[in-house]
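Peer 1: predicted coordinates and the sequence they were generated for:
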Amino acid sequence: MHPGGPMPRINKTVVLALLIATSSIFLLFQLYYYRQYVSKNGLHALTGKGYLAGKEAQWHLVKKFLSLAHKFSLPVFLADKASLSLLSQDAVLLKDSQLKEPHCTFLCTSRDFITFGLLGNLWKYDASLLEAVEERGLELLEIRGKDPRLVSMDDLMGSEIPLHLLFRFNSRLVHVVVLYERSGNYLWHGPLRLKTSMDRTFAPFRKLDFGRYAGAYDRPELVLTTLDGLDVRIPKNFSRFLKENSNSHFLECRYREAAAFYQLYPDDTSPEAMDFRMKAKSLLHLAARVLTELQVPFWLSSGTCLGWFRQCNIIPYSKDVDLGIWIKDYRHDITQAFQKAGLPLKHKFGKIEDSLELSFQGLDVKLDIFFFYEDGDIVWNGGTQAKSGKKFKYVFPRFSLCWTELLELKVRVPCETLDYVMANYGPDWNVPVKAWDWKSSPPNVQENGVWPIKEWDDVIQVF
């Protein structure tokens, strides 16, 4: 017995009600605190092991990276293919930071990495960046390579510059590709090549959007927007940027081979040769402006392509500039556009369906445009002899197009350049030949019949 008498009975129902009320209040407090924490700090849900998981981890890493970019004035913009593909103009205009619910739609994709571009010419390298990265719990892998802007036939060594920066946090990655401005007024990034001592498991290198090869881009206009609650710059015309990404492969001029060529065959530096090259450069730039405004893709062909590939320059005795265009890209206003630019039509051979060729007269330099036709495993362009009406066909293996730079201009060339040059000039393409007959010298030329006389007025026009 209790000295004070029997202990009063406690109503079990009351106890149960008190426990339920207390638990509910505690649960409500937890939910309130979680919402306040998320709205203040973002999507930071922790797994059982204390690591950020899924989209939350990606968002958290991007936030860390953007804070670093802000502190060190890194001129970065979103260049990720997956993220940009999710955008629409409405999404860009939407200030999603005003949305009340936590979310990560654009910056968090199914991939373990996200890509940003960095404008190298506006970036001053700061060695303390590495220390700041470590302070934030991140790992940094820096990939360096030769600066092609400083490489020439006189200096084949060049100096090394940062090409790619990879920030890692808990197996997730921010890939920063550094874009440098080149003399042709375009942006260039280098390939991602790991040195033997580097950790090949640091990132899913084969899956990255950039780095398999060097790339070239027009400088994008950037706009500041808010994505998933974070301020980030993106290309204003992101659809165009994505299209460029799929056709960005860049081939560097082969300076080492060109230097070896000039050792065997010294360059012609006579006043006549220098004058021709200056006029050819001016004509090439003008042709590029006209065709770019018409949105007609073109590439260096014939002797102009050979000059770039063999000696990184125009061949001084070639006397013309040669361009190739797919016949599917032909436009009826091409001739008018060139004439408006001050280049009168010199001759027109063939027709759209067969062996079309246009020639325009520049200042002492001729511009030849050859239209290419696809035919199974090969492609070909035509030639016509004006006095006889004979037709010729120049056959090439199929090829894709890459960017390069010639005479301070970003231009396309066949990616499979050696195959292209070999087809047109044979195995001795590296030996200069000044006596060249377009009807018989090329190893890929074939006779292709004769134009019917009744068609001559249309298919053989000389001005």
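Peer 2: Everything's here; your move.
Peer 1: which residues of the stretch 1-150 of the chain fall in strands?
Peer 2: With DSSP state E, counting those that start in this stretch as the criterion, the stretch 1-150 of the chain has strands at 76-78, 113-119, 139-146.
Peer 1: would you reformat the ones you listed as JSON lines and include mean neighbour count?
Peer 2: (Glycine included, C-beta is placed from N, CA and C.) Formatted as JSON lines, these follow (neighbours: other C-beta atoms under 10 Å):
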{"stretch": "strand 76-78", "mean neighbour count": "23"}
{"stretch": "strand 113-119", "mean neighbour count": "23"}
{"stretch": "strand 139-146", "mean neighbour count": "16"}
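Peer 1: next one: Trp308 from Val421, what distance?
Peer 2: 10 Å (C-beta to C-beta, to the nearest Å).
Peer 1: neighbour count for these two, which is higher?
Peer 2: Ranked by neighbour count (other C-beta atoms under 10 Å), Trp308 and Val421 place Trp308 first, with 25 against 21.
Peer 1: wait, a helix at the more buried one?
Peer 2: Yes. Counting by DSSP: H, G, I helix; E, B strand; the rest coil, Trp308 is located in a helix.
Peer 1: doesn't Glu405 make contact with it?
Peer 2: No. Counting by C-beta atoms under 8 Å, Glu405 is not a contact partner of Trp308; they are 9.0 Å apart.
Peer 1: so what sits against both of the two?
Peer 2: Residues touching both Trp308 and Glu405 (C-beta atoms under 8 Å, 6 or more residues apart in numbering): Cys253.
Peer 1: out of the helices and strands in the chain, which is least certain?
Peer 2: The weakest-scoring helix or strand in the chain, judged by mean pLDDT, DSSP states H and E, is helix 89-93 (a mean of 54).
Peer 1: low-confidence bits of the chain, can you list those?
Peer 2: Along the chain, the model assigns pLDDT under 70 to residues 1-11, 14-18, 24, 26-53, 89-102, 152-158.
Peer 1: please redo it, this time with the cut-off set to 80
Peer 2: Residue ranges of the chain with pLDDT under 80: 1-54, 88-103, 151-158.
Peer 1: residue contacts, the residue nearest the centre of the chain?
Peer 2: In the chain, the residue lying closest to the centroid (C-alpha atoms, centre = their mean) is Ser248, at 3.2 Å. Ser248 sits next to Gly215, Ala216, Tyr217, Trp403 when contact means C-beta under 8 Å, 6+ apart.
Peer 1: could I get the contacting residues of the residue found closest to Trp429 once you drop the neighbours it is linked to in the chain?
Peer 2: Distances taken as C-beta to C-beta, 6 or more residues apart in numbering place Val421 nearest to Trp429, at 5.0 Å, with adjacent residues excluded. Counting by C-beta under 8 Å, 6+ apart, Val421 makes contact with Cys305, Leu306, Phe309, Arg310, Trp429.
Peer 1: buried among the residues you listed? Make that a ChimeraX selection.
Peer 2: The ChimeraX command for the buried members of the contacts of Val421 (criterion: 16 or more other C-beta atoms under 10 Å) is given here:
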select :305,306,309,310,429
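Peer 1: which of the contacts of Val421 sits closest to Asn170?
Peer 2: Phe309 (46.5 Å; C-beta to C-beta).
Peer 1: helices of the stretch 251-400 of the chain, residue ranges please.
Peer 2: Under the criterion DSSP state H, counting those that start in this stretch, helices of the stretch 251-400 of the chain are mapped to 255-264, 271-293, 302-311, 334-340.
Peer 1: what's the spacing between the third one and its chain's center?
Peer 2: Okay, so that is helix 302-311. In terms of C-alpha atoms, centre = their mean, to the nearest Å, the centre of helix 302-311 is set 23 Å apart from its chain centre.
Peer 1: could you check the angle that helix makes with helix 271-293?
Peer 2: Orientation of helix 302-311 against helix 271-293 (axes from the mean of the first three to the mean of the last three C-alpha atoms, to 10 degrees) gives an angle of 110 degrees.
Peer 1: run the angle between helix 302-311 and helix 255-264 for me.
Peer 2: Helix 302-311 runs at 90 degrees relative to helix 255-264, counting by the same axes, to 10 degrees.
Peer 1: tell me which residues are up against helix 302-311.
Peer 2: For helix 302-311, the surrounding residues in contact (C-beta under 8 Å, 6+ apart) are 253-254, 257-258, 261-262, 267, 284, 299-300, 313-315, 318, 320-324, 368, 370, 404, 406, 413-414, 417-418, 420-421, 424-425, 429-430.
Peer 1: what do you get for the last one?
Peer 2: Helix 334-340 is contacted by residues Ala287, Val290, Leu291, Glu293, Leu294, Val296, Leu345, Lys348, Leu358, Phe360, Leu367, Ile369 when judged by C-beta under 8 Å, 6+ apart.
Peer 1: got the contact list for the fourth one?
Peer 2: Contacts here follow C-beta under 8 Å, 6+ apart; on that basis Glu293 touches Ala337.
Peer 1: sorry, back to before: ok so the residue nearest to Trp429 is a helix residue?
Peer 2: Yes. Val421 forms part of a helix when assessed by three-state DSSP.
Peer 1: report the separation between it and Ala57.
Peer 2: 50 Å.
Peer 1: what's the neighbour count on Asp228?
Peer 2: 23.
Peer 1: what helix or strand does Val433 sit in?
Peer 2: Under the criterion DSSP states H and E, no helix or strand holds Val433.
Peer 1: quick one: Glu56 and Leu230, what's the gap?
Peer 2: Taking C-beta to C-beta, one finds Glu56 at 13 Å from Leu230.
Peer 1: what's the separation between the residue lying closest to Cys108 once chain neighbours are set aside and Pro397?
Peer 2: Counting by C-beta to C-beta, 6+ apart, Cys108 lies nearest to Lys55, which is 3.8 Å off, once chain neighbours are set aside. When distance is defined by C-beta to C-beta, Lys55 is 46 Å away from Pro397.
Peer 1: neighbour count: these two, which is higher?
Peer 2: Comparing Lys55 with Pro397 by other C-beta under 10 Å, the one with more neighbours is Lys55, at 18 against 14.
Peer 1: I'd say the more buried one and Phe106 touch.
Peer 2: No. With contact defined as C-beta under 8 Å, Lys55 and Phe106 do not form a contacting pair (10.9 Å).
Peer 1: count of neighbours near Asp437?
Peer 2: Neighbour tally, Asp437, other C-beta under 10 Å: 8.
Peer 1: where does it sit: helix, strand or coil?
Peer 2: Asp437 - assigned by three-state DSSP - is coil.
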